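Novice: coords below, sequence missing:
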């Protein structure tokens, strides 16, 4: 997997901004913009221009900030850093409303990200097919993960069951787990867990809104 | 709203880490831990101890890193920074699977965050009640937002309709919007939009997993 070696080692914060940059650049490209200065890009992304220049300098030889950056070139470089070259075969653990929303959307913006199987304890859900993806009983987890060559798991299992669910997934050699339960899960070294905590996201939004409103007064 | 003035002005990155800190501290408290050193806290949170010390120094007089921080005290300080003191009355725009997952969960971890009404264009959904929250037609948006005293909106509307949906919300004086459509929305100054892009979150996870796996080899 040679492409891994070429990837720059980025902080989590830079990686997240990279996705934001990419979305905004695609927007600019749609509008026919060919070059962008870091100051203008800063206004568009709400990221400080010093941060943008620092991020860009870590990402490669991208041009000069004064002259402006080539939009199409930035898109090609940033895409190659973020995109996985291989298909990622994903298992969804927990098929409630949130799980169904995920499988119905199935990351259609990125062809390499595919939920290929789903699991649930609810016998009413087992055997159902959502957007072409079958729901299996948790009892079949080991077998189906192997058969479907899964390497990434998404857990929408509630907090009090998520530790147990993730342990079963990890036992099957899966090292990348996205969890929608905010409580920290204990995993062995070498396993990466990324949490999406919707309450925190909302609190962060409200914090910044209150700050903005208090500055207006 | 005097409490706003007391809040320290934090970066988005620090604010997000603050929520992570809070979750981990509550975990420690549950396990009976009374003091924590920044080095141990670093191991638990996977945040560098220099970052932790810098964050903590911005958050107030919290103690000394060598001696350890008092867990209960940290929890009280961090909670008061993040929690909104007033109830936030939230409108949900778009009531598909994701919207239903949000309203069924309804941020039950935080009593001050309440989805109080939902909107959808689908006539099959209008009039339905999910977890006590009624779904209204988009035609009633202006009226219901005012009646229910809504100040925050969550949009699960697909990308190509999200700009229009958000504009209607903003016209009603709402300044805080959480959007699950990743395309940037244009809003007037003073309006804060926070995006949750699930594809990006998954790509970030995979990036870090690939990095971890390549370091093992």
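Specialist: Thanks, I have the structure now. Please read these numbers as outputs of a predicted model, since none were measured by experiment.
Novice: quickly find the element holding residue A:177.
Specialist: Using DSSP states H and E, residue A:177 sits in strand A:176-179.
Novice: beyond that strand, next helix or strand please.
Specialist: Going down the chain from strand A:176-179, the next helix or strand is strand A:192-195, by DSSP H and E.
Novice: so after that next one, what's the next helix or strand?
Specialist: Strand A:192-195 is succeeded, C-terminally, by helix A:198-216 (DSSP H and E).
Novice: same for that next one, what does it pack against?
Specialist: For helix A:198-216, the elements it packs on are helix B:3-6, helix B:12-30, strand B:113-120, strand B:152-155, strand B:176-179, strand B:192-195, judged by 3 or more Cβ pairs under 8 Å, 6 or more residues apart in numbering or on different chains; DSSP states H and E. Yep, even glycine has a C-beta here, placed from its N, CA and C like the rest.
Novice: the longest one relative to helix A:198-216, how many degrees between them?
Specialist: Comparing the axes of helix B:12-30 and helix A:198-216 via axes from the mean of the first three to the mean of the last three Cα atoms, to 10 degrees yields an angle of 130 degrees.
Novice: buried stuff in helix B:12-30?
Specialist: B:14-26, B:28 (16 or more other Cβ atoms under 10 Å in any protein chain shown).
Novice: out of those, which touch chain A?
Specialist: Contacts with chain A within these, as defined by Cβ under 8 Å from any Cβ of the partner chain: B:15-16, B:19-20, B:23-24.
Novice: next, format those residues as a markdown table and append distance to residue A:61 and pLDDT.
Specialist: Formatted as a markdown table, those follow (distance: Cβ to Cβ, whole Å; pLDDT from 0 to 100):
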| residue | distance to residue A:61 | pLDDT |
| --- | --- | --- |
| B:15 | 33 | 79 |
| B:16 | 31 | 76 |
| B:19 | 36 | 79 |
| B:20 | 34 | 80 |
| B:23 | 40 | 79 |
| B:24 | 39 | 83 |
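Novice: ok, those residues vs residue B:128, which is closest?
Specialist: residue B:19 (32.0 Å; Cβ to Cβ).
Novice: before we move on, the earlier item: just the buried residues of helix B:12-30 now: which is nearest chain A?
Specialist: residue B:19 (3.9 Å; Cβ to the nearest Cβ).
Novice: now do the contacts for that closest one.
Specialist: Each residue near residue B:19 by Cβ atoms under 8 Å, 6 or more residues apart in numbering or on different chains is listed here: A:197, A:200, A:203-204, B:82.
Novice: just give me the closest of those to residue A:182.
Specialist: residue A:197 (3.8 Å).
Novice: got the phi/psi numbers for the closest one?
Specialist: Note on residue A:197: backbone dihedrals following degrees, to the nearest 10 are phi -110, psi 100.
Novice: so it sits against residue A:182, correct?
Specialist: Yes - when contacts are counted by Cβ atoms under 8 Å, residue A:197 is listed as touching residue A:182 (3.8 Å).
Novice: common neighbours of those two, please.
Specialist: Counting by Cβ under 8 Å, 6+ apart, the residues touching both residue A:197 and residue A:182 are residue B:23.
Novice: distance to residue A:130 for the buried residues of helix B:12-30 - can I get that in a markdown table?
Specialist: Listed next are those as a markdown table, based on distance: Cβ to Cβ, whole Å:
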| residue | distance to residue A:130 |
| --- | --- |
| B:14 | 38 |
| B:15 | 35 |
| B:16 | 31 |
| B:17 | 35 |
| B:18 | 36 |
| B:19 | 31 |
| B:20 | 31 |
| B:21 | 36 |
| B:22 | 34 |
| B:23 | 30 |
| B:24 | 34 |
| B:25 | 38 |
| B:26 | 34 |
| B:28 | 38 |
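Novice: now the weakest link among the helices and strands packed on helix A:198-216, please, by mean pLDDT.
Specialist: The minimum mean pLDDT among the helices and strands packed on helix A:198-216 belongs to helix B:3-6 (a mean of 42).
Novice: buried residues in the helix or strand encompassing residue A:167?
Specialist: Here residue A:167 sits within helix A:159-171, counting by DSSP H and E. The neighbour-count check on helix A:159-171 (16+ other Cβ under 10 Å) flags A:162-163, A:165-166, A:168-170 as buried.
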